[in-house]
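K.L.:
Starting from these lines, generate the structure:
(one chain, ligands or ions: 2)
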Amino acid sequence: MTDSTFTPRVFSGIKPSGGLTLGNYLGAIKRWVDMQDGETETIYCAVDLHAITVWQDPTGLKAGTREIAAGMLASGIDPEKSILFNQSQVPEHTQLAWIFNCVARLGWMNRMTQFKDKAGKNAEKASLGLYAYPSLMAADILLYHATHVPVGEDQKQHVELTRDIANKFNNDFGVDFFPVTEPVIEGPGTRVMNLRDGTKKMSKSGESDMERINMLDDADTIAKKFKKAKTDPDGIPETLDGLNGRPEAKNLVDIYSGLADMTAEAVVAEYAGAGWGKFKPALAELAVAKLAPISDEMKRLMDDPAEIDRKLARGAERAREIATPILEKTYDIVGLLR
Ligand code: AMP
Ligand code: TRP
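P.N.:
Ligands and ions are numbered 1, 2, ... in the order given. Have a look, this model is predicted:
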(Lines give C-alpha, C1' and ligand atoms only; values in the text may rest on other atoms or scores of the structure.)
(Ligands and ions follow the chains in the order given, each with its own letter.)
Protein backbone atom coordinates (compact mmCIF):
# COMPACT_ATOMS: atom_id res chain seq x y z
CA MET A 1 0.00 0.00 0.00
CA THR A 2 2.86 2.42 0.75
CA ASP A 3 6.58 2.51 0.19
CA SER A 4 7.31 3.87 3.69
CA THR A 5 8.49 1.63 6.48
CA PHE A 6 5.29 2.16 8.46
CA THR A 7 2.82 -0.69 8.76
CA PRO A 8 -0.28 0.28 6.78
CA ARG A 9 -3.09 1.48 9.03
CA VAL A 10 -6.36 3.21 8.14
CA PHE A 11 -7.95 6.02 10.17
CA SER A 12 -11.02 8.10 9.38
CA GLY A 13 -13.69 10.11 11.17
CA ILE A 14 -17.09 11.77 10.91
CA LYS A 15 -18.39 14.71 12.94
CA PRO A 16 -21.57 14.21 14.95
CA SER A 17 -22.86 17.63 13.94
CA GLY A 18 -26.16 16.51 12.44
CA GLY A 19 -27.68 13.42 10.88
CA LEU A 20 -25.69 11.29 8.46
CA THR A 21 -26.23 12.04 4.78
CA LEU A 22 -25.89 10.11 1.57
CA GLY A 23 -22.65 12.10 1.07
CA ASN A 24 -21.20 10.62 4.26
CA TYR A 25 -22.30 7.17 3.19
CA LEU A 26 -20.92 7.19 -0.36
CA GLY A 27 -17.91 9.43 0.34
CA ALA A 28 -16.83 7.74 3.53
CA ILE A 29 -18.65 4.93 5.37
CA LYS A 30 -19.28 2.65 2.39
CA ARG A 31 -15.58 2.69 1.55
CA TRP A 32 -14.61 2.17 5.19
CA VAL A 33 -16.61 -1.03 5.22
CA ASP A 34 -14.77 -2.26 2.12
CA MET A 35 -11.40 -1.49 3.71
CA GLN A 36 -11.98 -3.36 6.94
CA ASP A 37 -11.95 -6.72 5.19
CA GLY A 38 -8.31 -6.56 4.10
CA GLU A 39 -5.16 -7.18 6.11
CA THR A 40 -4.89 -3.58 7.24
CA GLU A 41 -5.96 -2.44 10.69
CA THR A 42 -8.87 0.03 10.45
CA ILE A 43 -9.80 2.69 13.02
CA TYR A 44 -13.01 4.72 12.71
CA CYS A 45 -14.02 7.58 14.94
CA ALA A 46 -17.01 9.81 15.72
CA VAL A 47 -15.08 13.06 16.08
CA ASP A 48 -17.15 14.84 18.72
CA LEU A 49 -14.37 17.32 19.56
CA HIS A 50 -14.47 18.48 15.95
CA ALA A 51 -18.25 18.91 16.11
CA ILE A 52 -18.00 21.46 18.96
CA THR A 53 -15.93 23.86 16.85
CA VAL A 54 -19.39 25.22 16.05
CA TRP A 55 -22.16 25.37 18.68
CA GLN A 56 -23.75 22.01 19.54
CA ASP A 57 -26.63 21.54 21.91
CA PRO A 58 -25.21 19.20 24.61
CA THR A 59 -28.10 16.71 24.57
CA GLY A 60 -28.14 16.73 20.80
CA LEU A 61 -24.39 16.09 20.68
CA LYS A 62 -24.68 12.91 22.75
CA ALA A 63 -27.58 11.70 20.61
CA GLY A 64 -25.69 12.64 17.45
CA THR A 65 -22.60 10.73 18.53
CA ARG A 66 -24.71 7.61 19.11
CA GLU A 67 -26.41 8.13 15.76
CA ILE A 68 -23.06 8.27 13.94
CA ALA A 69 -21.98 5.10 15.73
CA ALA A 70 -25.29 3.40 14.86
CA GLY A 71 -24.87 4.50 11.22
CA MET A 72 -21.41 2.99 11.03
CA LEU A 73 -22.51 -0.26 12.67
CA ALA A 74 -25.65 -0.53 10.55
CA SER A 75 -23.63 0.06 7.36
CA GLY A 76 -21.41 -2.88 8.22
CA ILE A 77 -18.53 -1.57 10.34
CA ASP A 78 -17.78 -4.55 12.55
CA PRO A 79 -16.43 -3.53 15.98
CA GLU A 80 -14.48 -6.79 16.11
CA LYS A 81 -12.68 -6.12 12.83
CA SER A 82 -12.33 -2.36 13.21
CA ILE A 83 -11.74 -0.11 16.20
CA LEU A 84 -14.82 2.11 16.55
CA PHE A 85 -14.96 4.86 19.19
CA ASN A 86 -15.68 8.51 19.87
CA GLN A 87 -12.77 10.92 19.94
CA SER A 88 -13.30 12.56 23.34
CA GLN A 89 -12.85 9.22 25.13
CA VAL A 90 -9.23 9.19 24.01
CA PRO A 91 -7.69 12.36 25.52
CA GLU A 92 -4.40 11.75 23.68
CA HIS A 93 -6.01 13.33 20.57
CA THR A 94 -6.07 16.76 22.21
CA GLN A 95 -2.66 16.28 23.79
CA LEU A 96 -1.05 15.60 20.42
CA ALA A 97 -3.09 18.40 18.83
CA TRP A 98 -1.39 20.92 21.15
CA ILE A 99 2.03 19.77 20.00
CA PHE A 100 0.87 20.13 16.40
CA ASN A 101 -0.47 23.63 17.10
CA CYS A 102 3.15 24.46 17.80
CA VAL A 103 4.35 22.77 14.58
CA ALA A 104 1.76 24.08 12.09
CA ARG A 105 2.36 27.58 10.74
CA LEU A 106 -0.25 30.35 10.60
CA GLY A 107 0.35 30.68 6.87
CA TRP A 108 -0.69 27.06 6.39
CA MET A 109 -3.86 27.47 8.43
CA ASN A 110 -4.77 30.63 6.51
CA ARG A 111 -4.98 28.62 3.30
CA MET A 112 -7.61 26.18 4.60
CA THR A 113 -10.70 26.58 2.42
CA GLN A 114 -13.05 24.76 4.82
CA PHE A 115 -12.35 27.40 7.47
CA LYS A 116 -13.01 30.18 4.98
CA ASP A 117 -16.27 28.54 3.87
CA LYS A 118 -17.49 27.87 7.38
CA ALA A 119 -16.39 31.11 8.99
CA GLY A 120 -17.74 33.07 6.02
CA LYS A 121 -17.75 36.85 6.22
CA ASN A 122 -17.96 36.68 9.98
CA ALA A 123 -14.53 35.14 10.61
CA GLU A 124 -13.99 37.42 13.62
CA LYS A 125 -16.81 35.62 15.38
CA ALA A 126 -15.65 32.06 14.53
CA SER A 127 -14.21 29.99 17.37
CA LEU A 128 -10.48 29.55 17.76
CA GLY A 129 -11.24 25.82 17.64
CA LEU A 130 -12.68 26.10 14.13
CA TYR A 131 -9.43 27.69 12.98
CA ALA A 132 -7.25 25.07 14.73
CA TYR A 133 -9.48 22.18 13.57
CA PRO A 134 -7.08 20.84 10.88
CA SER A 135 -4.34 20.52 13.48
CA LEU A 136 -6.62 18.33 15.64
CA MET A 137 -7.44 16.30 12.53
CA ALA A 138 -3.71 15.77 11.91
CA ALA A 139 -3.44 14.58 15.51
CA ASP A 140 -6.35 12.13 15.02
CA ILE A 141 -4.51 10.56 12.12
CA LEU A 142 -0.91 10.64 13.34
CA LEU A 143 -1.73 9.50 16.88
CA TYR A 144 -2.17 6.07 15.29
CA HIS A 145 0.60 6.44 12.72
CA ALA A 146 -2.16 5.99 10.15
CA THR A 147 -0.84 5.71 6.61
CA HIS A 148 -4.16 5.86 4.73
CA VAL A 149 -7.16 8.10 5.26
CA PRO A 150 -10.31 7.38 3.24
CA VAL A 151 -12.29 10.63 2.98
CA GLY A 152 -14.42 12.58 0.54
CA GLU A 153 -12.82 15.07 -1.83
CA ASP A 154 -13.58 17.99 0.52
CA GLN A 155 -11.05 16.69 3.08
CA LYS A 156 -8.08 16.42 0.72
CA GLN A 157 -6.57 19.73 1.78
CA HIS A 158 -6.69 18.71 5.45
CA VAL A 159 -4.88 15.46 4.73
CA GLU A 160 -2.25 17.44 2.82
CA LEU A 161 -1.81 19.66 5.87
CA THR A 162 -1.38 16.50 7.96
CA ARG A 163 1.48 15.53 5.63
CA ASP A 164 3.07 18.97 6.05
CA ILE A 165 2.82 18.68 9.83
CA ALA A 166 4.36 15.18 9.83
CA ASN A 167 7.21 16.32 7.60
CA LYS A 168 7.94 19.44 9.62
CA PHE A 169 7.85 17.53 12.92
CA ASN A 170 10.21 14.88 11.53
CA ASN A 171 12.57 17.56 10.16
CA ASP A 172 12.52 19.81 13.20
CA PHE A 173 13.39 16.97 15.55
CA GLY A 174 15.57 14.98 13.15
CA VAL A 175 13.42 11.84 13.38
CA ASP A 176 11.42 9.60 11.06
CA PHE A 177 8.62 9.23 13.57
CA PHE A 178 5.37 10.23 11.86
CA PRO A 179 4.33 8.65 8.55
CA VAL A 180 3.45 10.86 5.60
CA THR A 181 -0.19 9.87 5.20
CA GLU A 182 -1.98 9.27 1.90
CA PRO A 183 -5.53 10.46 1.33
CA VAL A 184 -7.62 7.70 -0.26
CA ILE A 185 -10.15 9.45 -2.50
CA GLU A 186 -11.35 7.21 -5.28
CA GLY A 187 -14.42 5.74 -6.90
CA PRO A 188 -17.81 7.37 -7.46
CA GLY A 189 -19.42 9.42 -4.70
CA THR A 190 -16.29 11.10 -3.35
CA ARG A 191 -18.09 14.40 -3.84
CA VAL A 192 -21.87 14.12 -3.62
CA MET A 193 -23.45 17.46 -4.46
CA ASN A 194 -26.44 19.36 -3.11
CA LEU A 195 -29.71 18.30 -4.82
CA ARG A 196 -30.82 21.92 -5.32
CA ASP A 197 -27.46 23.37 -6.40
CA GLY A 198 -25.00 21.06 -8.10
CA THR A 199 -22.07 23.38 -7.42
CA LYS A 200 -22.26 22.94 -3.61
CA LYS A 201 -21.56 19.76 -1.67
CA MET A 202 -24.35 17.89 0.06
CA SER A 203 -23.87 18.66 3.74
CA LYS A 204 -25.50 17.81 7.06
CA SER A 205 -25.94 21.43 7.92
CA GLY A 206 -27.25 22.98 4.66
CA GLU A 207 -30.26 25.28 5.08
CA SER A 208 -32.95 23.17 3.44
CA ASP A 209 -33.62 19.51 4.09
CA MET A 210 -34.63 19.14 0.42
CA GLU A 211 -31.00 19.56 -0.66
CA ARG A 212 -29.78 16.34 0.96
CA ILE A 213 -30.75 12.71 1.48
CA ASN A 214 -30.47 11.73 5.14
CA MET A 215 -29.69 8.15 6.05
CA LEU A 216 -32.85 8.11 8.19
CA ASP A 217 -35.19 9.48 5.48
CA ASP A 218 -38.12 7.19 4.70
CA ALA A 219 -38.92 5.89 1.20
CA ASP A 220 -41.49 8.61 0.42
CA THR A 221 -39.13 11.38 1.47
CA ILE A 222 -36.32 9.97 -0.64
CA ALA A 223 -38.60 9.71 -3.68
CA LYS A 224 -39.89 13.26 -3.15
CA LYS A 225 -36.38 14.71 -2.78
CA PHE A 226 -35.11 13.10 -5.98
CA LYS A 227 -38.29 14.10 -7.83
CA LYS A 228 -37.75 17.74 -6.83
CA ALA A 229 -33.98 17.63 -7.38
CA LYS A 230 -32.82 20.37 -9.74
CA THR A 231 -32.05 19.17 -13.28
CA ASP A 232 -32.05 20.63 -16.78
CA PRO A 233 -34.30 20.01 -19.80
CA ASP A 234 -31.90 17.46 -21.32
CA GLY A 235 -32.16 13.95 -19.95
CA ILE A 236 -29.45 11.30 -19.77
CA PRO A 237 -26.99 11.84 -22.66
CA GLU A 238 -25.65 9.20 -25.05
CA THR A 239 -22.13 9.42 -23.63
CA LEU A 240 -20.44 10.61 -20.44
CA ASP A 241 -19.14 13.76 -22.18
CA GLY A 242 -22.74 14.88 -22.46
CA LEU A 243 -22.71 15.55 -18.71
CA ASN A 244 -19.99 18.22 -18.99
CA GLY A 245 -21.12 21.58 -17.68
CA ARG A 246 -24.28 20.01 -16.19
CA PRO A 247 -23.43 19.64 -12.49
CA GLU A 248 -26.92 18.61 -11.32
CA ALA A 249 -27.30 15.96 -14.02
CA LYS A 250 -23.81 14.66 -13.39
CA ASN A 251 -24.49 14.46 -9.66
CA LEU A 252 -27.58 12.27 -10.10
CA VAL A 253 -25.66 9.94 -12.41
CA ASP A 254 -22.77 9.80 -9.92
CA ILE A 255 -25.11 9.00 -7.05
CA TYR A 256 -26.65 6.18 -9.08
CA SER A 257 -23.19 4.92 -9.91
CA GLY A 258 -22.07 4.95 -6.24
CA LEU A 259 -25.19 3.20 -5.01
CA ALA A 260 -25.23 0.58 -7.77
CA ASP A 261 -21.44 -0.02 -7.72
CA MET A 262 -21.40 0.70 -11.46
CA THR A 263 -19.18 3.12 -13.37
CA ALA A 264 -20.81 6.36 -14.51
CA GLU A 265 -20.20 5.17 -18.11
CA ALA A 266 -22.26 2.06 -17.48
CA VAL A 267 -25.09 4.10 -15.95
CA VAL A 268 -25.14 6.46 -18.94
CA ALA A 269 -25.06 3.50 -21.33
CA GLU A 270 -28.00 1.87 -19.57
CA TYR A 271 -30.16 5.02 -19.50
CA ALA A 272 -28.94 6.76 -22.69
CA GLY A 273 -31.69 9.02 -24.01
CA ALA A 274 -33.98 8.58 -20.98
CA GLY A 275 -35.76 11.62 -19.57
CA TRP A 276 -35.73 12.56 -15.89
CA GLY A 277 -39.24 11.17 -15.56
CA LYS A 278 -37.71 7.75 -16.06
CA PHE A 279 -34.31 8.19 -14.41
CA LYS A 280 -35.37 9.87 -11.16
CA PRO A 281 -37.84 7.15 -10.05
CA ALA A 282 -35.25 4.48 -10.89
CA LEU A 283 -32.68 6.36 -8.79
CA ALA A 284 -35.15 6.72 -5.90
CA GLU A 285 -35.94 3.02 -6.01
CA LEU A 286 -32.27 2.12 -5.96
CA ALA A 287 -31.57 4.51 -3.08
CA VAL A 288 -34.42 3.09 -1.02
CA ALA A 289 -33.30 -0.48 -1.71
CA LYS A 290 -29.79 0.35 -0.46
CA LEU A 291 -30.64 2.69 2.40
CA ALA A 292 -33.79 1.19 3.94
CA PRO A 293 -32.05 -1.86 5.44
CA ILE A 294 -29.38 0.44 6.90
CA SER A 295 -31.83 2.92 8.36
CA ASP A 296 -33.98 0.13 9.83
CA GLU A 297 -30.92 -1.32 11.53
CA MET A 298 -29.84 2.16 12.72
CA LYS A 299 -33.20 2.69 14.38
CA ARG A 300 -33.00 -0.71 16.04
CA LEU A 301 -29.53 0.05 17.40
CA MET A 302 -30.53 3.51 18.60
CA ASP A 303 -33.26 1.93 20.74
CA ASP A 304 -30.50 0.55 22.95
CA PRO A 305 -28.14 3.50 23.62
CA ALA A 306 -26.42 1.67 26.50
CA GLU A 307 -25.22 -1.01 24.09
CA ILE A 308 -23.82 1.62 21.70
CA ASP A 309 -22.06 3.28 24.65
CA ARG A 310 -20.52 -0.04 25.66
CA LYS A 311 -19.21 -0.63 22.15
CA LEU A 312 -17.72 2.88 21.97
CA ALA A 313 -16.08 2.54 25.40
CA ARG A 314 -14.52 -0.76 24.40
CA GLY A 315 -13.31 0.78 21.12
CA ALA A 316 -11.79 3.69 23.04
CA GLU A 317 -9.85 1.27 25.27
CA ARG A 318 -8.43 -0.46 22.22
CA ALA A 319 -7.61 2.87 20.58
CA ARG A 320 -5.71 4.01 23.69
CA GLU A 321 -3.55 0.91 23.58
CA ILE A 322 -2.17 2.19 20.28
CA ALA A 323 -2.29 5.91 21.07
CA THR A 324 -0.62 6.01 24.50
CA PRO A 325 2.84 4.75 23.50
CA ILE A 326 2.85 7.00 20.41
CA LEU A 327 2.00 10.07 22.50
CA GLU A 328 4.62 9.14 25.12
CA LYS A 329 7.28 8.80 22.47
CA THR A 330 6.22 12.16 20.99
CA TYR A 331 6.62 13.83 24.41
CA ASP A 332 10.09 12.31 24.70
CA ILE A 333 11.09 13.53 21.25
CA VAL A 334 9.86 17.05 22.06
CA GLY A 335 11.67 17.05 25.41
CA LEU A 336 8.73 17.17 27.78
CA LEU A 337 9.82 15.97 31.22
CA ARG A 338 7.57 13.36 32.79
P1 AMP B 1 -18.37 15.33 7.91
O2 AMP B 1 -19.83 15.08 7.78
O3 AMP B 1 -18.01 16.71 7.40
O4 AMP B 1 -17.80 15.00 9.24
O5 AMP B 1 -17.66 14.35 6.87
C6 AMP B 1 -17.35 13.01 7.19
C7 AMP B 1 -16.85 12.27 5.97
O8 AMP B 1 -17.84 12.24 4.95
C9 AMP B 1 -15.60 12.91 5.34
O10 AMP B 1 -14.78 11.88 4.86
C11 AMP B 1 -16.18 13.71 4.22
O12 AMP B 1 -15.25 13.90 3.17
C13 AMP B 1 -17.31 12.81 3.76
N14 AMP B 1 -18.36 13.61 3.14
C15 AMP B 1 -19.15 14.55 3.72
N16 AMP B 1 -19.98 15.11 2.84
C17 AMP B 1 -19.71 14.53 1.63
C18 AMP B 1 -20.23 14.68 0.31
N19 AMP B 1 -21.20 15.53 0.05
N20 AMP B 1 -19.69 13.90 -0.66
C21 AMP B 1 -18.71 13.01 -0.41
N22 AMP B 1 -18.17 12.82 0.82
C23 AMP B 1 -18.66 13.57 1.82
N1 TRP C 1 -12.54 16.89 9.19
C2 TRP C 1 -13.31 15.75 8.78
C3 TRP C 1 -14.62 16.23 8.15
O4 TRP C 1 -15.07 17.32 8.35
C5 TRP C 1 -13.62 14.83 9.92
C6 TRP C 1 -12.37 14.30 10.52
C7 TRP C 1 -11.81 14.68 11.70
C8 TRP C 1 -11.51 13.31 9.96
N9 TRP C 1 -10.68 13.98 11.94
C10 TRP C 1 -10.44 13.14 10.91
C11 TRP C 1 -11.51 12.59 8.79
C12 TRP C 1 -9.39 12.29 10.66
C13 TRP C 1 -10.45 11.72 8.55
C14 TRP C 1 -9.40 11.56 9.48
O15 TRP C 1 -15.20 15.52 7.42
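
K.L.:
CA atoms for contacts and neighbours, from now on please.
P.N.:
OK.

K.L.:
all helices for the stretch 201-338 of the chain, in order.
P.N.:
Taking DSSP state H, counting those that start in this stretch, the helices of the stretch 201-338 of the chain run over residues 219-228, 247-260, 264-271, 276-302, 305-334.

K.L.:
Tell me which of the ones you listed sits nearest to ligand 2.
P.N.:
helix 305-334 (13.8 Å; CA to the nearest ligand atom).

K.L.:
Please compute how far the closest one lies from its chain's middle.
P.N.:
Between the centre of helix 305-334 and the centre of its chain there are 20 Å (CA atoms, centre = their mean, to the nearest Å).

K.L.:
list the buried ones in it?
P.N.:
For helix 305-334, burial by neighbour count (16 or more other CA atoms under 10 Å) applies to 308-309, 311-313, 315-316, 318-320, 323-324, 326-327, 330-331.

K.L.:
Could you see whether ligand 2 lies near that helix?
P.N.:
No: using CA under 6 Å from any ligand atom, helix 305-334 stays clear of ligand 2, with a minimum separation of 13.8 Å.

K.L.:
counting contacts, what elements does that helix pack onto?
P.N.:
If contacts are counted by 3 or more CA pairs under 8 Å, 6 or more residues apart in numbering; DSSP states H and E, helix 305-334 sits against helix 58-75, strand 82-86, helix 92-101.

K.L.:
tell me the mean pLDDT for it?
P.N.:
What helix 305-334 shows for mean pLDDT is 98.

K.L.:
What segments of the stretch 101-250 of the chain are strands?
P.N.:
Remark: strands of the stretch 101-250 of the chain, listed N- to C-terminal, are 148-150, 182-184; assignment by DSSP state E, counting those that start in this stretch.

K.L.:
Please identify the most buried of those.
P.N.:
strand 148-150 (a mean of 24; mean count of other CA atoms under 10 Å).

K.L.:
From the chain's centre, how far out is that strand? Work that out for me.
P.N.:
Between the mean C-alpha position of strand 148-150 and that of its chain there is a distance of 10 Å (CA atoms, centre = their mean).

K.L.:
That strand and ligand 1 in contact?
P.N.:
No: Strand 148-150 stays out of contact with ligand 1 when judged by CA under 6 Å from any ligand atom, the minimum separation being 6.5 Å.

K.L.:
Kindly report the same for stretch 239-252.
P.N.:
No: judged by CA under 6 Å from any ligand atom, stretch 239-252 stays clear of ligand 1, getting no closer than 10.2 Å.

K.L.:
Show me what that stretch is in contact with.
P.N.:
Contacts of stretch 239-252 with the rest of the structure, by CA atoms under 8 Å, 6 or more residues apart in numbering, involve 192-193, 195-199, 230-232, 235-237, 264-265, 268-269, 272, 283.

K.L.:
And the pLDDT for Arg338?
P.N.:
pLDDT for Arg338: 88.

K.L.:
Tell me, how many residues neighbour it?
P.N.:
When neighbours are counted by other CA atoms under 10 Å, Arg338 registers 6.

K.L.:
And it, how far from Tyr331?
P.N.:
For Arg338, the distance to Tyr331 (CA to CA, to the nearest Å) stands at 8 Å.

K.L.:
picking up where we left off before, which of the strands of the stretch 101-250 of the chain sits closest to Asn170?
P.N.:
strand 182-184 (16.5 Å; CA to CA).

K.L.:
returning to that earlier point: got TSV for the helices and strands packed on helix 305-334, with mean pLDDT too?
P.N.:
Written out in TSV, the entries for the helices and strands packed on helix 305-334 read as follows (pLDDT from 0 to 100):
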stretch	mean pLDDT
helix 58-75	97
strand 82-86	98
helix 92-101	98
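
K.L.:
among the helices of the stretch 201-338 of the chain, which is nearest Val90?
P.N.:
The stretch from these with the least distance to Val90 (CA to CA) is helix 305-334; that distance is 6.1 Å.

K.L.:
Might one say that Tyr131 is in contact with Lys116?
P.N.:
No: Tyr131 is not in contact with Lys116 according to CA atoms under 8 Å; the separation is 9.1 Å.

K.L.:
Those two: which is more packed in?
P.N.:
Just comparing Tyr131 and Lys116: by other CA under 10 Å the higher neighbour count belongs to Tyr131, 20 against 14.

K.L.:
For Trp32, see how far away the closest residue to that one other than its chain neighbours is.
P.N.:
Spatial nearest neighbour of Tyr131, excluding adjacent residues (CA to CA, 6 or more residues apart in numbering): Phe115 at 6.2 Å. For Phe115, the distance to Trp32 (CA to CA) stands at 25 Å.

K.L.:
Same question for Thr199.
P.N.:
Applying CA to CA, the value for Thr199 to Trp32 is 26 Å.
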